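Enquirer: structural data only, the sequence is not supplied:
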């Protein structure tokens with residue numbers, strides 16, 4: 001039986017013959033080779049239809065590998081903004097040995113579900129540094145809620161009241177908008193007069209621009225999106241996946 005590799009090789013040979021020599025002289029040869037190739041390909045795929053899926057799987061794996069390499073390069077090039085930006089929220093152990101970065105949207109149902117995973121990791125891993133970055137990709141209300149969140153961060157250097165605010169929004173099963181975010185900020189004990197001023201500030205706009213730019217550069221096309229070490233994880237895949245990724249970063253490299 002002719003292998004799929006030989007089918008492809010025949011296609012390349014046909015292509016070379018089709019483009020060699022004078023155009024008119026090559027046409028009959030090229031047509032004959034194309035017909036032979038079409039016959040061989042049809043015969044092979046009729047007998048081995050799984051080859052189509054194999055080829056698609058191979059293409060997908062190559063694209064995934066290329067994407068992962070690009071993400072690694074972006075993480076390295078943007079490490080300061082990604083892990084140590086003055087415009088981020090930092091929780092957990094600020095001097096931790098591993099940093100977990102989360103990009104989230106306050107109207108993302110998966111982000112709401114993943115909140116419990118994040119809290120569990122923070123409670124059980126005293127060496128973990130957690131960075132939160134607003135990534136409002138689900139519409140204008142998400143943007144308005146994120147603006148309030150940045151304003152909360154601006155008057156809460158320790159992160160305690162921010163976390164209380166953050167939980168109130170993500171534990172809300174309904175829709176989050178500016179009004180709901182302001183109510184959550186007030187419940188968390190923020191200075192509301194200052195908050196109203198800060199929400200409209202240039203600093204809030206710059207903070208959101210920074211996180212949106214980073215998320216897009218990392219090809220985070222959904223929320224929640226995480227960065228652990230040199231890896232990007234998209235989706236609420238559960239505490240175990242995050243825990244294993246953190247452990248992999250801690251594990252010493254052995255030859």
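Expert: Thanks, I have the structure now. Just so we're clear, the structure is a prediction, and the values are computed from it rather than from any experiment.

Enquirer: C-alpha only now, for contacts and for neighbours.
Expert: Noted.

Enquirer: count of neighbours near residue 157?
Expert: 12 (other C-alpha atoms under 10 Å).

Enquirer: likewise residue 148?
Expert: So residue 148, with other C-alpha under 10 Å, has 26 neighbours.

Enquirer: burial count for the closest residue to it other than its chain neighbours?
Expert: Distances taken as C-alpha to C-alpha, 6 or more residues apart in numbering place residue 199 nearest to residue 148, at 5.6 Å, with adjacent residues excluded. By other C-alpha under 10 Å, 22 other residues sit near residue 199.

Enquirer: now do residue 197
Expert: 10.

Enquirer: contacts for the host helix or strand of it?
Expert: Assigned by DSSP states H and E, residue 197 falls within helix 192-199. With C-alpha atoms under 8 Å, 6 or more residues apart in numbering as the contact definition, helix 192-199 has outside contacts at 147, 148, 150, 151, 152, 154, 185, 186, 204.

Enquirer: so the fifth one touches residue 185, yeah?
Expert: Which is residue 152. Yes: taking C-alpha atoms under 8 Å as the definition, residue 152 is a contact partner of residue 185 at 7.0 Å.

Enquirer: more neighbours, these two?
Expert: For residue 152 versus residue 185, the count of surrounding residues by other C-alpha under 10 Å is larger for residue 152: 31 against 25.

Enquirer: got the contact list for that one?
Expert: Neighbours of residue 152 in contact, by C-alpha under 8 Å, 6+ apart: 161, 162, 185, 190, 195.

Enquirer: how near is the second one to residue 94?
Expert: If I follow you right, that is residue 162. 15 Å (C-alpha to C-alpha, to the nearest Å).

Enquirer: of these two, give the one with the bigger neighbour count.
Expert: Taking residue 162 and residue 94 together and counting by other C-alpha under 10 Å, residue 162 has the greater number of neighbours (27 against 15).

Enquirer: need the residues that contact the helix or strand encompassing the more buried one.
Expert: For residue 162, the host element (DSSP H and E) is helix 160-170. With C-alpha under 8 Å, 6+ apart as the test, helix 160-170 has contacts from 106-107, 111-112, 115, 149, 152-153, 156, 176, 180-181, 184-185, 187-190.

Enquirer: next, the buried residues of that helix.
Expert: Within helix 160-170, the residues that qualify as buried are 161, 162, 163, 165, 166, 167, 168, 169, 170, counting by 16 or more other C-alpha atoms under 10 Å.
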